[in-house]
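Peer 1: Requesting a structural model of the entry that follows:
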Amino acid sequence: MDKGALALIRAFRKNGFETYAVGGCVRDLLLGKVPHDWDLATAADPQEISDVAARQGWKIFDGGGKRFGVLQILVEEKKYEVASFRREVYGKDSHRPDHVWFTRSLEEDLARRDFTVNAMALDERGVVYDYFGGQDDLDRRRLRTVGDPVLRFQEDALRLFRACRFAGQLDFIPDKKLLEAMPLAFYRVSGLALERIKKEINRLLLAEYPAKGLDILVRSGLSDQWCRKSKEGRTEEIMILPELSHLPNTPQMKMYHRFNAWYHTLAVVNASPPDLTVRWAALLHDAAKGLPGIRRVEGTVLTDYGHDRAGAVSAEALMKRWDMTSPLICHVPWLVANHMKFHYFVNHQEADPERWIRRIAMSRIFQTQMELKRAFWELTELCTADVIGCGQENSSTSAHIELGRCLRDIACSVPVRVQELSLDRRVPKILGDYVSEGMKNLLHRVQMGELPNESEALYRAALHYVRRRQES
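Peer 2: Next comes the predicted model:
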């Protein structure tokens, strides 16, 4: 057991309060994993928790959870969440309980939790307290709710998204009753904040087996629900992920794809590295396939020309609707828009990768040379996963990997901004009154390939630029 968690348990027990490690840390230990966080549950009420911590000289943080019996305690520079045993009743709020009351019973506290694998406790001797069959579900790799799944999901609608995440993180099969209960709680999703849903789906995308959770999310209909977003004092209703709804019913040409559009998408996500930008791009890269105006049927031939460009527009709208970070808003649509171009460059030796990169550098889509290089790493990973996700035998990714390496090498030689020019002190001095426009001219010429990014060449070019300006 973690040293700090053990110190907390012993301190509370010494003061007469049963205390246990609970939830995810117990689950992870039983799965042979190292827990990331240690959460504790105790028979002490919030005031008693504060009193014990004060006697030990530990710093206490509220964090807004005290009214729910949850406090954070700093032990040897590490925070631990300590919660009072409690029972709760839910009401109008789709996530937080309306009423909480404290209890002295561990079993009552565990009974209110979401899934059996998260409803186990561990004492300082290593004894596991499992009242709801969590260990059996771990052995069976099964995800079940504690008690009635309809009630569990209707109490807290965020548990619907947590079910998807845990399926992806643990590689567990959801119980049939759990799946059947999900739609009966969809009406509660509209009360959830986008930020909470976004956090769960981002964590799912970074999971070891994201396809399993994403499949539940989409095929259950959960991705088609609405949630709420607060902005500048206004509450706005927004759809969650309708962009994916049609993919499970979208066939593809067997000549090129073993799977339909949805299972191909899942295979690409699983084959991509656990990087949030790449995983989002993998999820959305074919989202426009099958849509009116994109899907064409000529006899037995199916085509989706332009799905990359249409998908990029849709991806950008989604990133903005979700209030994603600026890098995601920039990179994800760009990756979707360019994944077919990357495949084209792999298969056509006459294509000019250097010209491609120079045009991108001049477009200022990316703000730095390092960002440009990073974008081509992301594109390489996406397109390599795309090949794997086609499911074709004897398909090779070596050409994609080699092209990606070549593109990143070229990106290292093409500056995106003036600060990346290999200038010495002579250049700004010689440019004098023309320094601003002169620097832009030098950058443009280097980006065009007319001028090497070398200090002596840049100095001579600056001299020539000044002479021409003075003569004109």
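
Peer 1: Burial check on G147, number of neighbours?
Peer 2: G147 has 14 neighbours, counted by other Cβ atoms under 10 Å. Bear in mind the C-beta positions are built from the backbone N, C-alpha and C, glycine included.

Peer 1: do the same with R165
Peer 2: Neighbours of R165 (other Cβ under 10 Å): 22.

Peer 1: ok so it is a helix residue?
Peer 2: Yes: according to DSSP: H, G, I helix; E, B strand; the rest coil, R165 belongs to a helix.

Peer 1: distance of it from L184?
Peer 2: Distance of R165 to L184, computed by Cβ to Cβ, to the nearest Å: 20 Å.

Peer 1: Can you classify the closest residue to Y129 other than its chain neighbours as helix, strand or coil?
Peer 2: Distances taken as Cβ to Cβ, 6 or more residues apart in numbering put A121 closest to Y129, at 4.2 Å, once the chain neighbours are dropped. Following three-state DSSP, A121 is assigned to strand.

Peer 1: Identify the bridge partners of A121.
Peer 2: In this entry, A121 is beta-bridged to V22, Y129, by DSSP bridges.

Peer 1: so it touches L106, yeah?
Peer 2: Yes: with contacts counted by Cβ atoms under 8 Å, A121 reaches L106, the gap being 5.9 Å.

Peer 1: Pull up the overlap in contacts between the two.
Peer 2: Y20, A41, Y129 (Cβ atoms under 8 Å, 6 or more residues apart in numbering).

Peer 1: my guess is the second one is in a strand, correct?
Peer 2: By that I understand A41. Yes: remark: A41 belongs to a strand, assigned using three-state DSSP.

Peer 1: roughly how far apart are it and Y129?
Peer 2: In terms of Cβ to Cβ, A41 sits 10 Å off from Y129.

Peer 1: Overlap in contacts, these two.
Peer 2: Listed as contacting both A41 and Y129 by Cβ under 8 Å, 6+ apart are Y20, L106, A121.

Peer 1: how about those residues in JSON lines, adding neighbour count?
Peer 2: Shown next, in JSON lines, are the shared contacts of A41 and Y129 (neighbours: other Cβ atoms under 10 Å):
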{"residue": "Y20", "neighbour count": "27"}
{"residue": "L106", "neighbour count": "20"}
{"residue": "A121", "neighbour count": "23"}
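
Peer 1: Out of those, which is nearest to H307?
Peer 2: Proximity of the shared contacts of A41 and Y129 to H307 was ranked by Cβ to Cβ; the top entry is A121 with 50.2 Å.

Peer 1: From G290, how far off is the closest one?
Peer 2: Separation of A121 from G290 (Cβ to Cβ): 48 Å.

Peer 1: Same check on K199?
Peer 2: Separation of K199 from G290 (Cβ to Cβ) stands at 30 Å.

Peer 1: circling back: out of A41 and Y129, which sits in the busier spot?
Peer 2: Higher neighbour count among A41 and Y129: A41, with 24 against 16, using other Cβ under 10 Å.

Peer 1: residue contacts, that one?
Peer 2: A41 sits next to T19, Y20, V22, V82, A83, S84, F85, L106, D109, A121 when contact means Cβ under 8 Å, 6+ apart.

Peer 1: Going by distance to N270, which of the residues you listed wins?
Peer 2: If you rank the contacts of A41 by distance to N270 using Cβ to Cβ, V22 comes first, at 31.1 Å.

Peer 1: The closest one contacts D123, correct?
Peer 2: No: counting by Cβ under 8 Å, V22 sits too far from D123 to count as a contact (10.5 Å).

Peer 1: Compare the two and say which one has the larger neighbour count.
Peer 2: Higher neighbour count among V22 and D123: V22, with 26 against 16, using other Cβ under 10 Å.

Peer 1: residues touching that one, list them.
Peer 2: For V22, the contacting residues are D39, L40, A41, D109, L110, M120, A121, L122, by Cβ under 8 Å, 6+ apart.

Peer 1: Can you name every helix or strand that the helix or strand hosting L335 contacts?
Peer 2: Counting by DSSP states H and E, the element that carries L335 is helix 326-347. Contacts defined by 3 or more Cβ pairs under 8 Å, 6 or more residues apart in numbering; DSSP states H and E place helix 326-347 against helix 276-284, helix 307-321, helix 353-363, helix 369-389, helix 398-411.

Peer 1: Please repeat the previous calculation with a cut-off of 7 Å.
Peer 2: Secondary-structure packing of helix 326-347 (3 or more Cβ pairs under 7 Å, 6 or more residues apart in numbering; DSSP states H and E): helix 276-284, helix 307-321, helix 369-389, helix 398-411.

Peer 1: neighbouring contacts of that helix?
Peer 2: With contact meaning Cβ atoms under 7 Å, 6 or more residues apart in numbering, helix 326-347 is reached by 277, 280-281, 284-285, 308-309, 311-312, 315-316, 319-320, 351, 353, 365, 375, 378-379, 382-383, 386, 399-400, 403.

Peer 1: What's the ChimeraX syntax to select whichever of those are buried?
Peer 2: To isolate the buried ones among the contacts of helix 326-347 in ChimeraX, judged by 16 or more other Cβ atoms under 10 Å, type:
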select :277,280,281,284,285,308,309,311,312,315,316,319,353,365,375,378,379,382,383,386,400,403
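
Peer 1: pLDDT score for R113?
Peer 2: pLDDT recorded at R113 is 96.

Peer 1: I'd like to know how many residues surround it.
Peer 2: Neighbours of R113 using other Cβ under 10 Å come to 21.

Peer 1: for it, helix, strand, or coil?
Peer 2: Strictly by three-state DSSP, R113 counts as coil.

Peer 1: so what's it closest to, chain neighbours aside?
Peer 2: The shortest distance from R113 to any non-neighbouring residue, by Cβ to Cβ, 6+ apart, is to A119 (4.2 Å).

Peer 1: How about L179, nearest residue that isn't a chain neighbour?
Peer 2: Sequence neighbours aside, S220 is the residue nearest to L179 in space, at 6.7 Å (criterion: Cβ to Cβ, 6+ apart).

Peer 1: my read: that neighbour touches M182, true?
Peer 2: Yes: contact criterion Cβ atoms under 7 Å: S220 and M182 qualify, at 5.0 Å.

Peer 1: and the residue nearest to the spatial centre of the chain, what are its phi and psi?
Peer 2: Computing the C-alpha centroid of the chain and ranking residues by Cα atoms, centre = their mean puts N202 first, at 2.9 Å. Main-chain dihedrals, N202, degrees, to the nearest 10: phi -60, psi -40.

Peer 1: residues in contact with it?
Peer 2: By Cβ under 7 Å, 6+ apart, the contact set of N202 is L276.

Peer 1: Quick check: it vs H444, distance?
Peer 2: 39 Å.

Peer 1: one step back: between K199 and G290, who's got more neighbours?
Peer 2: Taking neighbours as other Cβ under 10 Å, K199 and G290 compare with G290 leading, 20 against 14.

Peer 1: doesn't A119 make contact with G24?
Peer 2: No: applying Cβ under 7 Å as the test, G24 and A119 come out as separate, 10.8 Å apart.

Peer 1: who has more neighbours, the two?
Peer 2: For G24 versus A119, the count of surrounding residues by other Cβ under 10 Å is larger for A119: 28 against 19.

Peer 1: okay but the more buried one is in contact with E108, surely?
Peer 2: No: applying Cβ under 7 Å as the test, A119 and E108 come out as separate, 11.4 Å apart.

Peer 1: All set now, cheers.
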